[in-house]
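**Q** test case, fold it:
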Amino acid sequence: MSVKAEHYDVIRKPIITEKATLASENGAVVFQVAMDSTKPQIKEAVEAVFGVKVKAVNTTITKGKAKRFRGRAGERSDVKKAYVTLEEGNTIDVSTGL
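**A** Numbers count the residues shown, from 1 in each chain. As a prediction, the model looks like this:
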C-alpha cells in the first residue's frame with residue numbers, strides 16, 4: 001500500500017498531553033489534523049501511514065484563544081484534533097518519529 005503525500009497533509013502531528021495519554025490507554029491516539037479534513041480522510045490517512053486498522057474517528061475543533069504577544073493583542077490559530085480509536089491488537093507508538 002503506497003503512502004501518498006496527501007496523507008501527510010491530513011495528519012499534521014501527534015498530540016501528547018495528559019488527556020491524550022489517558023486516551024491511549026483505551027486504544028486511542030490523538031492527532032492534530034487539517035481543518036478541512038473529514039473523518040473518512042483521517043481514517044484512510046492513518047491506516048495508510050501507520051499500517052493499522054482504525055475502528056472509529058472522533059474529531060473536535062478548539063477555537064483559538066485571544067492572547068497577548070509581546071504586549072500586542074493576537075489570536076492563536078484554531079486547531080482540529082482527531083481521536084482515532086484503533087481495532088484490538090493495533091498500536092501506534094507516537095513517541096518515535098515517522
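
**Q** helix/strand/coil for residue 93?
**A** At residue 93 the chain is in coil, as set by DSSP: H, G, I helix; E, B strand; the rest coil.

**Q** any idea how far residue 34 is from it?
**A** 23 Å (C-beta to C-beta, to the nearest Å). Backbone N, C-alpha and C define where each C-beta goes, glycine included.

**Q** so which of those two has more stuff around it?
**A** Between residue 93 and residue 34, residue 34 has the larger neighbour count (other C-beta atoms under 10 Å), namely 16 against 9.

**Q** right, and that one touches residue 78 too?
**A** No. Contact between residue 34 and residue 78 fails when scored by C-beta atoms under 8 Å: they sit 11.4 Å apart.

**Q** show me what the worst-scoring helix or strand of the chain on mean pLDDT is packed against.
**A** Lowest mean confidence among the helices and strands of the chain (mean pLDDT, DSSP states H and E): helix 5-10, at a mean of 84. Identification of packing neighbours for helix 5-10 by 3 or more C-beta pairs under 8 Å, 6 or more residues apart in numbering; DSSP states H and E yields helix 39-50.

**Q** please redo it, this time with the cut-off set to 10 Å
**A** strand 28-33, helix 39-50 (3 or more C-beta pairs under 10 Å, 6 or more residues apart in numbering; DSSP states H and E).

**Q** mind listing what's buried along that helix?
**A** 7, 10 (16 or more other C-beta atoms under 10 Å).

**Q** only alpha carbons, please: show that helix as CSV.
**A** Provided in CSV are the C-alpha atoms of helix 5-10 (Å, rounded to 0.1, in the frame of the first residue of the first chain):
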residue,chain,number,x,y,z
ALA,A,5,1.8,12.9,0.1
GLU,A,6,-1.9,13.9,0.7
HIS,A,7,-1.9,11.6,3.8
TYR,A,8,0.8,13.7,5.4
ASP,A,9,-1.2,16.9,4.6
VAL,A,10,-4.2,15.5,6.5
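
**Q** which other residues reach that helix?
**A** 4, 31, 33-34, 36-38, 41-50, 82, 98 (C-beta atoms under 10 Å, 6 or more residues apart in numbering).

**Q** contacts for the following helix or strand past that helix next, please.
**A** Downstream of helix 5-10, the first helix or strand assigned by DSSP states H and E is strand 11-14. By C-beta under 10 Å, 6+ apart, the list of residues contacting strand 11-14 from outside reads 20, 24, 29-35, 37, 41-42, 45-46, 48-50, 79-82, 84, 92-95, 98.
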